[in-house]
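# I would like the atomic coordinates for the input below:
(one chain, ligands or ions: 1)
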Amino acid sequence: MNAKRIFLGLISFILAISLVGCIEKFTCSNICCQIKFGENITFFIATDPHYMSKELFDDGKTFETFLTTGDGKLIDYSNEIFDAFIRDIKRLKPDILIVPGDLTCNGEKESHIEFAKKLKTIQKMGICVFVVPGNHDIENPWARKYVENELIKIDSITSEEFKDIYYPFGYKDAVSIDNNSLSYLATPAEDVWLLMLDSAKYKRNKLRDGPEMGGEISSKTLEWVKECANLARENNAKLIAVMHHSLLNHSNIVNDDFTIENNEEAVRVFQNCGIEIVLTGHIHLQDIKSHKENGKTIYDIATSCLTAYPNQYGILKFEPDKGYDYKTNRIDIKGWVEENKITDENLIHFAEYSRNFFQRRSYDKYYDSLLEISKYSDDEMKAISETMSILNLRYFAGFRNEALHDIFTTEGFKILLESAPNFVRDYALSMFNDEKTDNNRLFIPLSLNDANKK
Ligand SMILES: [Fe+2]
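As a prediction, the model looks like this:
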């Protein structure tokens with residue numbers, strides 16, 4: 001009898017210890033939801049705004065070089081682009097704005113502070129705003145001020161400062177904040193919760209020459225995700241995940257540093273947690289991929305970069321009796337320019353300017369890659385670069401297959417097809433390996449969601 005008592009006592013003690021452990025791992029504050037059960041919800045997803053304060057650059061040589069050797073982001077117009085986006089928000093009145101990382105150009109403190117002020121303007125319109133960091137945002141050794149011919153190293157921010165600056169945009173009302181990252185659980189609606197995940201790996205950035213580009217969701221954070229999912233289940237809430245890096249591969253050729261390192265483990269955990277939608281950024285590509293396992297489908301919806309052509313954002317509508325409807329919308333820069341009587345010619349003809357800028361950057365990048373391959377004549381390199389720049393424009397804007405087929409007749413494509421395999425040829429062909437034609441639309445009916453849960 002005594003032995004039995006000692007045994008039961010021991011079990012109780014072990015249970016008590018493990019419960020204390022749980023409480024330490026997972027704390028949960030009051031659940032406060034603005035949107036009531038059963039209401040339609042509109043989410044705007046604006047990713048990779050790469051905002052840069054105008055105090056940090058001029059029209060000098062160093063900044064021009066930075067822009068013209070980049071990937072087609074219009075950093076010099078990031079301020080105007082975001083202001084035009086705020087005008088869209090004012091007109092279209094979403095319930096929720098999600099910004100999945102790379103909020104700033106290279107994590108400059110000044111850019112973060114100004115960007116937070118812009119988010120405050122949106123919040124004051126009664127819109128819930130949620131952010132997570134991207135790989136450019138924290139402890140970024142590349143933070144610079146560009147003054148004429150000079151590059152000046154300036155302060156980036158720590159993870160604690162990120163939490164302070166963006167406290168009103170997720171952290172303040174979070175039901176739970178992960179102890180091991182800047183991830184948090186947001187409950188904007190009674191029936192749809194947001195798992196805002198920090199997939200960036202900035203902890204080693206101080207020791208590096210540049211920010212770590214790749215991402216991960218650590219095992220400890222995945223344990224926290226499971227606790228969040230249990231809480232959501234107990235409250236009959238669906239869970240949408242948001243993170244900067246990709247959960248699923250979006251390319252057959254380039255995935256390192258784009259898809260999180262432990263994606264197979266994360267996919268398993270997410271699917272077991274009943275997560276069907278993950279909203280991501282980072283790749284600057286408009287692309288939707290899905291993964292089906294054990295009858296459950298999970299979608300990774302990557303919205304393209306707000307600051308690069310075609311300067312668009314995602315709109316996700318949740319209708320409780322129908323399902324999820326995702327589409328993209330290009331920022332109405334023209335309307336903003338007219339309303340504000342802007343005289344800058346680049347902004348007046350913005351659609352064309354942004355398109356040409358992106359295409360020119362693609363052309364230059366492919367031309368440089370072809371130079372390295374050193375197999376082609378100059379005329380051949382020009383023809384291939386021209387073809388690739390057109391392909392890239394459409395590919396990054398989310399168009400595939402049928403929308404790309406007229407490229408088959410171009411001189412550059414014919415040269416590529418006749419070439420031995422090389423990176424440019426393989427990358428061009430990979431653009432046709434997608435069964436979808438348009439990655440700008442997705443509808444997930446509720447019946448499918450329900451079937452997934454069985
Ligand atoms: Fe990124």
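# what about His349, how many neighbours?
15 (other Cβ atoms under 10 Å). (C-beta placed from N, C-alpha, C; glycine too.)
# the ion versus that one, what's the distance?
28 Å (Cβ to the ion, to the nearest Å).
# need the phi and psi values for that residue.
Backbone geometry at His349, expressed as degrees, to the nearest 10, gives phi -110, psi 50.
# tell me which element Asn356 falls in.
According to DSSP states H and E, Asn356 maps onto helix 350-373.
# ok, the nearest residue to Arg361 once chain neighbours are set aside - how many residues close by?
Leaving aside its chain neighbours, Arg361 sits nearest to Gly72 (4.0 Å; criterion: Cβ to Cβ, 6 or more residues apart in numbering). Gly72 has 23 neighbouring residues, counting by other Cβ under 10 Å.
# residue contacts, Gly72?
Shown in contact with Gly72 (Cβ atoms under 8 Å, 6 or more residues apart in numbering): 308-309, 357-358, 361-362.
# adding distance to Asp173, write those residues out as JSON lines.
Compiled in JSON lines, the contacts of Gly72 are given as follows (distance: Cβ to Cβ, whole Å):
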{"residue": "Ala308", "distance to Asp173": "31"}
{"residue": "Tyr309", "distance to Asp173": "35"}
{"residue": "Phe357", "distance to Asp173": "39"}
{"residue": "Phe358", "distance to Asp173": "37"}
{"residue": "Arg361", "distance to Asp173": "39"}
{"residue": "Ser362", "distance to Asp173": "41"}
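# just the helices in this protein please.
Remark: helices assigned in the chain by DSSP state H are 2-25, 61-68, 78-92, 109-123, 159-165, 219-234, 263-272, 333-339, 345-348, 350-373, 378-396, 411-417, 423-430, 446-453.
# can you list contacts of the shortest one?
Translated: helix 345-348. 77, 80, 333, 337, 342, 353.
# what residues does this structure put near the ion?
Residues of the chain lying close to the ion (Cβ under 5 Å from the ion) are 102, 134-135, 282.
# tell me the domain ranges of this protein?
The chain breaks down into these domains under automatic domain parsing: 25-336+439-453, 349-430.
# and the contacts of Gly72, which are buried?
The neighbour count (16 or more other Cβ atoms under 10 Å) marks 308-309, 357-358, 361-362 as buried among the contacts of Gly72.
# nearest to the ion among these?
Ala308 (11.9 Å; Cβ to the ion).
# dig out what the spatially closest residue to Ser176 that is not a sequence neighbour forms beta bridges with.
Using Cβ to Cβ, 6+ apart and skipping residues adjacent in sequence, the residue nearest Ser176 is Leu185, 4.5 Å away. With beta bridges defined as DSSP bridges, Leu185 has these partners: Ser176, Leu195.
# follow-up on the earlier one: would you turn the contacts of Gly72 into TSV with pLDDT?
Formatted as TSV, the contacts of Gly72 follow (pLDDT from 0 to 100):
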residue	pLDDT
Ala308	98
Tyr309	98
Phe357	97
Phe358	97
Arg361	96
Ser362	96
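# looking at the residues you listed, which is nearest Glu223?
Using Cβ to Cβ, Ala308 comes nearest to Glu223 of the contacts of Gly72, at 36.0 Å.
# my guess is that closest one contacts Ile283, does it?
No. Distance between Ala308 and Ile283: 11.4 Å, which falls outside the contact criterion (Cβ atoms under 8 Å).
# which residue is nearest the middle of the protein?
For the chain, the residue nearest the mean C-alpha position is Gly281 (1.8 Å; Cα atoms, centre = their mean).
# can you give me every residue that contacts it?
Neighbour list for Gly281: 47-48, 100-102, 134, 244, 302-303, 305 [criterion: Cβ under 8 Å, 6+ apart].
# what about the nearest residue to it once chain neighbours are set aside, neighbour count?
Take Gly281 and drop its neighbours on the chain: the residue closest to it by Cβ to Cβ, 6+ apart is Thr47, 3.0 Å away. Using other Cβ under 10 Å, Thr47 has 28 other residues around it.
# surely Thr47 touches Leu103?
No. The pair Thr47 / Leu103 is not scored as a contact, 9.4 Å apart, by Cβ under 8 Å.
# how many residues are close by Leu185?
27.
# closest point of the stretch 351-454 of the chain to the ion, which residue?
Residue nearest to the ion within the stretch 351-454 of the chain: Phe396 (14.2 Å; Cβ to the ion).
# how about the nearest residue to that residue, chain neighbours excluded?
Leaving aside its sequence neighbours, Phe396 sits nearest to Leu285 (Cβ to Cβ, 6+ apart; 5.3 Å).
# state the distance from that neighbour to the ion.
Per Cβ to the ion, Leu285 is found 11 Å from the ion.
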